[in-house]
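Student: Below are the sequence and a predicted model; questions follow.
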Amino acid sequence: MQKMTTLNGKNDIKLKAIERSDLEDMSVLANNPAIAANLRDSFPSPYSLKDAEAFLALIEEGKLKYVWGIYVKDKIAGVITLTPQEDIYRHSAEIGYWIGAPFYGKGVMSEAVALLTAYTFSELDIHRIYAGVFAYNEASKKVLLKNGFHQEAVKRKAILKNGVYHDEHLMVKMDI
């Protein structure tokens, strides 16, 4: 397992390694159909403690490289990930995230994205961060825009979620 750097932000917000003791709280937060509606189908819904344990096992086995819990006052609020790409895309990484409903609209995710973006550009050999945002997920798009991302493309009907095709907005931030 890789040692994760703790990233400290404002207003008691930090990104740090997910702790086993937080899995129950994480599973309660993640067990929200509104979260699953905005993520890939590989995100379980309903989300159980066993799902949180399986997720932590993937981290511990090194199958997921850059994963942080988002903590507010040392209480888990969500998860944020960075997935570096390979080959000719090795200068790029995909950012992904979710946050629990009690933390909506409080600037927590905006701060988490700011922390991860700054860390990525200063500490990793990554010069382009992107996110695919479901067209109907305005809150996620606003978080990224607030952090200097721009909409690079609209991928028409690129997503099939719950039997319905949706557009995907490709949001990008570069330091080159």
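Tutor: Structure received.
Student: separation between the residue nearest the centre of the chain and L82?
Tutor: By C-alpha atoms, centre = their mean, the chain has its centre lying nearest to Y97, at 1.8 Å. Per C-beta to C-beta, to the nearest Å, Y97 is found 10 Å from L82. The C-beta positions use only the backbone N, C-alpha and C, and glycine is treated the same way.
Student: Am I right that L144 is in contact with V113?
Tutor: Yes - using C-beta atoms under 8 Å, L144 makes contact with V113 at a distance of 6.8 Å.
Student: who's R128 bridged to?
Tutor: Taking DSSP bridges, one obtains S92, M174 as the residues bridged to R128.
Student: what pLDDT does it get?
Tutor: pLDDT, R128: 98.
Student: which residues sit in contact with it?
Tutor: Going by C-beta atoms under 8 Å, 6 or more residues apart in numbering, R128 touches H91, S92, A93, V172, K173, M174, I176.
Student: Give me the neighbour count for the nearest residue to the last one once chain neighbours are set aside.
Tutor: Sequence neighbours aside, H127 is the residue nearest to I176 in space, at 4.5 Å (criterion: C-beta to C-beta, 6 or more residues apart in numbering). Counted with other C-beta atoms under 10 Å, the burial measure for H127 works out to 15 neighbours.
Student: same thing with L82?
Tutor: Using other C-beta under 10 Å, L82 has 21 other residues around it.
Student: same question, I126
Tutor: Close neighbours of I126, defined as other C-beta under 10 Å, add up to 20.
Student: again with E53
Tutor: 14.
Student: contacting residues for it?
Tutor: L23.
Student: Just the mean pLDDT for stretch 67-81, thanks.
Tutor: Stretch 67-81 carries an average pLDDT of 97.
Student: need the helices for this protein, in chain order.
Tutor: Along the chain, counting by DSSP state H, helices occupy 23-30, 33-36, 49-60, 108-123, 138-146.
Student: With T6 as the reference, measure out to the closest residue to F121 other than its chain neighbours.
Tutor: Computed as C-beta to C-beta, 6+ apart, the closest residue to F121 that is not its neighbour in sequence is D175, at 4.4 Å. D175 sits 22 Å away from T6, going by C-beta to C-beta.
Student: for T83, same thing?
Tutor: 20 Å.
Student: what about T120, how many neighbours?
Tutor: Neighbour tally, T120, other C-beta under 10 Å: 21.
Student: Quick check, it in contact with A114.
Tutor: No - counting by C-beta under 8 Å, T120 does not reach A114; the two are 10.9 Å apart.
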